[in-house]
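Undergrad: Compute the structure for the input listed below.
(chains A and B)
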Amino acid sequence: DTAVSQTPKYLVTQMGNDKSIKCEQNLGHDTMYWYKQDSKKFLKIMFSYNNKELIINETVPNRFSPKSPDKAHLNLHINSLELGDSAVYFCASSQAGSVNEQFFGPGTRLTVL
Amino acid sequence: DAKTTQPPSMDCAEGRAANLPCNHSTISGNEYVYWYRQIHSQGPQYIIHGLKNNETNEMASLIITEDRKSSTLILPHATLRDTAVYYCIVRPPGQAGTALIFGKGTTLSVSS
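TA: Predicted coordinates for the structure are as follows:
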């Protein structure tokens, strides 16, 4: 059973295109996140949602728009893709509480040509 | 920015204990110490966390100094599959949506 799943696993596209990455968790968690890992392997938070409401939006360009249709899904839509958007994007989920362990998806490797 | 300092890399022989240090001298009283690891190309994986007391689970042990300014993650019998980047993270507990602030981590290489 996959706890946090992402689709697609690989995404290759041209500059200027619009693309979406989907994330689903079946853990019953109330909080979901998007992280970006760049070519230097630095992992940085982009967004977090709690009960479908935006909690964190870390200086991410407006071209990135997360959408949470329900608590189990947090999709990431990217407009007008740029070369610098090439990275691995990880979705994660957690349940608010004392431990707040975050479960990560397998990642989506985005390559912008 | 990450509030922790870790050595960039460490080596360990298979079957031996791997002791990964972490400095967090500015940790606040309510902040927990968390450890995650990232095996090549996979998503980060939670290992363990603690506040003041030492903790042990099926994966590892966490030793936190009395002043809480540093900690050590111990993998008692390292295997080749433990080769990964290990991240030490401090954060307050339980706040909905609080993100993990990753530093550069320690790359642990386990060899036979």
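Undergrad: Could you list the low-pLDDT ranges of the chain?
TA: By default, I'm working from chain A. A:1, A:97-99 (pLDDT under 70).
Undergrad: think we crossed wires, I meant chain B
TA: B:1, B:93-97.
Undergrad: Now do the strands in it.
TA: Assigned strands in chain B, in chain order: B:9-13, B:18-23, B:32-38, B:45-50, B:55-56, B:61-64, B:70-75, B:84-91, B:106-111 (criterion: DSSP state E).
Undergrad: Other residues contacting the second one?
TA: Here strand B:18-23 makes contact (CB atoms under 8 Å, 6 or more residues apart in numbering or on different chains) with B:4-7, B:10, B:12, B:33, B:35, B:69-75, B:78, B:82, B:86, B:88, B:106, B:108, B:110. Bear in mind the C-beta positions are built from the backbone N, C-alpha and C, glycine included.
Undergrad: rewinding a little: including mean neighbour count, could the strands of chain B go into JSON lines?
TA: Conversion of the strands of chain B to JSON lines gives the following (neighbours: other CB atoms under 10 Å in any protein chain shown):
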{"stretch": "strand B:9-13", "mean neighbour count": "14"}
{"stretch": "strand B:18-23", "mean neighbour count": "20"}
{"stretch": "strand B:32-38", "mean neighbour count": "23"}
{"stretch": "strand B:45-50", "mean neighbour count": "19"}
{"stretch": "strand B:55-56", "mean neighbour count": "15"}
{"stretch": "strand B:61-64", "mean neighbour count": "19"}
{"stretch": "strand B:70-75", "mean neighbour count": "20"}
{"stretch": "strand B:84-91", "mean neighbour count": "23"}
{"stretch": "strand B:106-111", "mean neighbour count": "17"}
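Undergrad: Let me know which of the ones you listed is the nearest to A:I45.
TA: Evaluated over these, closeness to A:I45 peaks at strand B:84-91, with 11.3 Å, by CB to CB.
Undergrad: export that closest one as PDB, just CAs?
TA: Taking Å, rounded to 0.1, in the frame of the first residue of the first chain, the C-alpha atoms of strand B:84-91 are listed here in PDB:
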ATOM      1  CA  ALA B  84      22.100   7.700   2.700                       C
ATOM      2  CA  VAL B  85      22.000  11.400   3.600                       C
ATOM      3  CA  TYR B  86      21.000  11.900   7.200                       C
ATOM      4  CA  TYR B  87      19.300  15.100   8.300                       C
ATOM      5  CA  CYS B  88      19.100  16.400  11.800                       C
ATOM      6  CA  ILE B  89      16.300  18.900  12.200                       C
ATOM      7  CA  VAL B  90      14.900  20.900  15.200                       C
ATOM      8  CA  ARG B  91      11.400  22.200  15.200                       C
END
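Undergrad: Parallel or antiparallel, which strands does that strand pair with?
TA: If you go by DSSP bridges, strand B:84-91 pairs up with strand B:32-38 (antiparallel), strand B:106-111 (antiparallel).
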